[in-house]
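Engineer: return a 3D structure for these sequence lines:
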Amino acid sequence: MERIVLRHIKGAKASQIEEFPLDGFGELVLGRDPSSNIRFDPERDDLVGRRHALITRDTNDRYRFTVADMGSRNGTFLNNQRVTGSAALSPGDVIQLGAGGPEIEFEIEPLPRHLVRSTRVATSASVNGSEPMAAVPATRESGDAPAAPAKAGIGKETVERLIGQTKSESRRNMLIGAGALIVLVGALGGYQAWSARNIESGLSTKVDTAFGKLSNVETAAMGAARRSAGMTPQEITAAYEPAVVRVDFSWKLVYTPTGGQVYHHFVRNRYFDRQAKDSVPLVDNGKAYVPAYIVVENGRYEPRLATTQGAGVPIGGAGSGTGFVVTSDGFILTNRHVAASWRTSYHFTGGGYGDPRGVIVGPDDEPVFNRDGTPHIVEPPSEWTPSETKQAGPKGLIGNFQGRTEYFYVAFPHNPLFVEAQIARVSDRNDVALIKVNTPQPLKPVKLADPNAPVQPAQPVVTLGYPAVSADDYAVVRSKDMFNQESQRRVVPVPTTSAGLIGKLIHGDEVPAEGRDLIYAGSGDLYQLTINSTGAGNSGGPLFDDRGQVIGLFTATKSADVQVTFAVPIKYGIELMSVDPTTK
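Structural biologist: The predicted structure follows:
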């Protein structure tokens, strides 16, 4: 299918590609206005107007396009020439929005044969005294420095054609001259052949000199070919490691009317067994108290919550994860279960539990018994979410239990200094959250992939993060404060690089085609990965494709006889960053 391809080669969207079907193409507005078809960053692309430029297709010729300036303050440029009114737009042309502003290369793919551009004639310059030859404008890869104005020189195709023409003419002239001279003087014919070889040798020397002038273009072309083959994991790590941060957190569940800590209520581990006619343990684990659980609805049960400590265990947790910088002013994407752990499945381990097995209790906190007279002993629920508890607080109100962070820190690679972070936004539907840090200098963000770009199984991917299984590096920070002479040991964050493939695409929501069954996964949209060298602690880390663009957020690990990992598509992170209306 023929399509319009716009390659961003400079600006906040550098290295991104946006595509539009040729047949559905009418016009495209470029600008910072949210309604623009090609939208630019309002802060980083400040040379771009709200509605800056317009690309239009001729209604009578599907391959004819124009670009027009829409009254912008900084002007629109086409191949370094300012556009007044409108100008014809051809494949390979570069549009610049404002002098020094973002640049976009316009292409049609696949390119129709009749649109292959002929070599342009240079306005000046010559090679070794020859007439001015055609010049090939140098092209730039995404992210390179701004191109200097094109200099007159020699195009490679032109030189190759010149070689062929000159050699053909030389040989033809030699044959004619040699035939005549052989009839007249054989010796002179030999001399002419010798002379012709020297002429051709001289021409080759001139051509070699001409190609020497193209060395920079050829070097750039070789670099472009290498880059088009994809970035290696080493290149991705070197380019984006500074944007990958470690996140450390601690939280507790509170009762909002009072702000008090919420506890998992425990009951005495004894009951009177009528058959044994003696007091025996509810759970035979040697503990004096065991967790209490309460039935809430549809046979489901939860930990019995209490706002007084008693013999309970506080509901809360602590841990670490990963995030990545998405804006220069300090916004960071991570997982929801990292930024707001009370909004994900709770783990009943540690923190005074020992054995999390417990007993179902009634409203009076007395054990509930089965029909055979034995206590109703249960394992802890596997999918209880603290923020979604169905229990009422002391005042009978449901929904008054909420999570509250006790500490929330971000650390940048190779720097033991932690920076306090705040939660900016948390997704209600996906394992994605947006957090914010304030720093005195701009940060380098990652490059986000087009959320509509296709992702395929077997596609190579790389993730960076801070898996807990990795050995930590430490630094001893020696205080030079006269009022605090204590030294501190701090973790020095060093990201781990893990590479693999997209193993499977999991579709959580898909509208069935006419006459087809609805197929969906209860887990939601995910990329299943063959990356198995990472795990807990890597949650929220960026998943890069081989172009160095983030296509997802690492989110989970699942182990059976083998281990697989999962990532959330980046489109949900981009959705969280937007304030535009959404529909589902």
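Engineer: CA only for contacts and neighbour counts going forward, please
Structural biologist: OK.
Engineer: residue ranges with poor pLDDT in the stretch 201-350 of the chain?
Structural biologist: Of all residues in the stretch 201-350 of the chain, those with pLDDT under 70 make up the ranges 201-229, 311, 350.
Engineer: ugh, wrong one, I meant the chain
Structural biologist: Residue ranges of the chain with pLDDT under 70: 115-229, 311, 350-351, 395-399, 508-523, 580-584.
Engineer: can you spell out the domain ranges of it, please?
Structural biologist: According to automatic domain parsing, the chain is divided into the following domains: 3-117, 156-232, 242-409, 446-577.
Engineer: between the ones you listed, which one is closest to R425.
Structural biologist: When the domains of the chain are ranked by distance to R425, counting by Cα to Cα, first place goes to domain 446-577 at 7.2 Å.
Engineer: distance between the ends of the closest one?
Structural biologist: Its start and end residues considered, domain 446-577 measures 14 Å (Cα to Cα, to the nearest Å).
Engineer: gap between it and the chain center?
Structural biologist: 10 Å (Cα atoms, centre = their mean, to the nearest Å).
Engineer: please apply the same query to stretch 19-38.
Structural biologist: Taking Cα atoms, centre = their mean, one finds stretch 19-38 lying 23 Å from the centre of the chain it belongs to.
Engineer: so what would you say the end-to-end distance of that stretch is?
Structural biologist: Using Cα to Cα, the span of stretch 19-38 from its first residue to its last is 10 Å.
Engineer: and it, what's buried?
Structural biologist: Counting neighbours by 16 or more other Cα atoms under 10 Å, one finds that the buried residues in stretch 19-38 are 19, 22, 28-34, 36-38.
Engineer: what about those residues, which are in strands?
Structural biologist: Judged by DSSP state E, strands contain the following of the buried residues of stretch 19-38: 19, 28-31, 38.
Engineer: check contacts around the spatially most central residue of the chain.
Structural biologist: Averaging the C-alpha coordinates of the chain gives a centre point, and the residue nearest to it by Cα atoms, centre = their mean is V550 (1.6 Å). Applying Cα atoms under 8 Å, 6 or more residues apart in numbering, one finds that V550 lies in contact with 446-449, 542-544, 570.
Engineer: what about the closest residue to L253 other than its chain neighbours, distance to S345?
Structural biologist: If the residues on either side of it in the chain are set aside, L253 comes closest to G403, at 4.5 Å by Cα to Cα, 6 or more residues apart in numbering. Using Cα to Cα, G403 is found at 13 Å from S345.
Engineer: so these two - more neighbours on which side?
Structural biologist: Comparing G403 with S345 by other Cα atoms under 10 Å, the one with more neighbours is G403, at 21 against 16.
Engineer: surely that one meets T389?
Structural biologist: No. If you go by Cα atoms under 8 Å, G403 and T389 don't touch, sitting 11.6 Å apart.
Engineer: now do the helices in the protein.
Structural biologist: Taking DSSP state H as the test, the helices found in the chain are 156-184, 186-213, 215-228, 233-240, 336-339, 570-577.
Engineer: overlap in contacts of G403 and S345?
Structural biologist: Between them, G403 and S345 share the neighbouring residues P386, with contact defined by Cα under 8 Å, 6+ apart.
Engineer: quick one on the thing from earlier: which ChimeraX command selects the buried ones in the contacts of V550?
Structural biologist: One line in ChimeraX is enough to select the buried ones among the contacts of V550; burial here means 16+ other Cα under 10 Å:
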select :446,447,448,449,542,543,544,570
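Engineer: going by distance to V426, which of the contacts of V550 wins?
Structural biologist: Using Cα to Cα as the measure, the one of the contacts of V550 that approaches V426 most closely is I570, at 14.6 Å.
Engineer: tell me how far the residue nearest to L253 lies from V432.
Structural biologist: 17 Å.
Engineer: do the same with R7
Structural biologist: Distance of R7 to V432, given as Cα to Cα: 28 Å.
Engineer: with neighbour numbers in mind, choose between those two.
Structural biologist: Each of R7 and V432 had its neighbours counted (other Cα under 10 Å), and the higher figure belongs to V432 (28 against 21).
Engineer: just checking, that one touches N335?
Structural biologist: Yes. Taking contact to mean Cα under 8 Å, the distance of 4.3 Å between V432 and N335 places them in contact.
Engineer: mutual contacts of these two, please.
Structural biologist: When contacts are counted by Cα under 8 Å, 6+ apart, V432 and N335 are jointly contacted by G540.
Engineer: which ones are touching A88?
Structural biologist: When contacts are counted by Cα under 8 Å, 6+ apart, A88 is found next to 64-67.
Engineer: bridged to it, which residues?
Structural biologist: On the basis of DSSP bridges, A88 is bridged to T66.
Engineer: what's the spacing between it and S72?
Structural biologist: Noted for A88: a distance of 19 Å to S72, by Cα to Cα.
Engineer: one more: N60?
Structural biologist: Computed with Cα to Cα, the distance linking N60 and S72 is 28 Å.
Engineer: excluding chain neighbours, what is closest to F324?
Structural biologist: On the basis of Cα to Cα, 6+ apart, the spatially nearest residue to F324 that is not a chain neighbour turns out to be V244, at 4.4 Å.
Engineer: an error on my part: the question was meant for Q96.
Structural biologist: Spatial nearest neighbour of Q96, chain neighbours left out: E103 (4.4 Å); criterion: Cα to Cα, 6+ apart.
Engineer: that neighbour reaches D93, doesn't it?
Structural biologist: No. Using Cα under 8 Å, E103 is not in contact with D93; the gap is 10.2 Å.
Engineer: compare neighbour counts for those two and give me the winner.
Structural biologist: Under the criterion of other Cα under 10 Å, the comparison of E103 against D93 puts E103 first, with 25 against 15.
Engineer: need the contact list for that one.
Structural biologist: Here E103 is in contact with 8-11, 94-97 (criterion: Cα under 8 Å, 6+ apart).
Engineer: will you turn these into JSON lines that also has distance to I294 and neighbour count?
Structural biologist: Compiled in JSON lines, the contacts of E103 are given as follows (distance: Cα to Cα, whole Å; neighbours: other Cα atoms under 10 Å):
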{"residue": "H8", "distance to I294": "57", "neighbour count": "23"}
{"residue": "I9", "distance to I294": "60", "neighbour count": "25"}
{"residue": "K10", "distance to I294": "59", "neighbour count": "24"}
{"residue": "G11", "distance to I294": "57", "neighbour count": "23"}
{"residue": "V94", "distance to I294": "67", "neighbour count": "21"}
{"residue": "I95", "distance to I294": "65", "neighbour count": "26"}
{"residue": "Q96", "distance to I294": "65", "neighbour count": "26"}
{"residue": "L97", "distance to I294": "63", "neighbour count": "26"}
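Engineer: for Y527, what are its contacts?
Structural biologist: Applying Cα under 8 Å, 6+ apart, the residues contacting Y527 are 502-506, 566-569.
Engineer: so for S487, what's the nearest residue that isn't a sequence neighbour?
Structural biologist: With Cα to Cα, 6+ apart as the measure, R478 is the residue that lies nearest to S487, at 4.5 Å, once sequence neighbours are left out.
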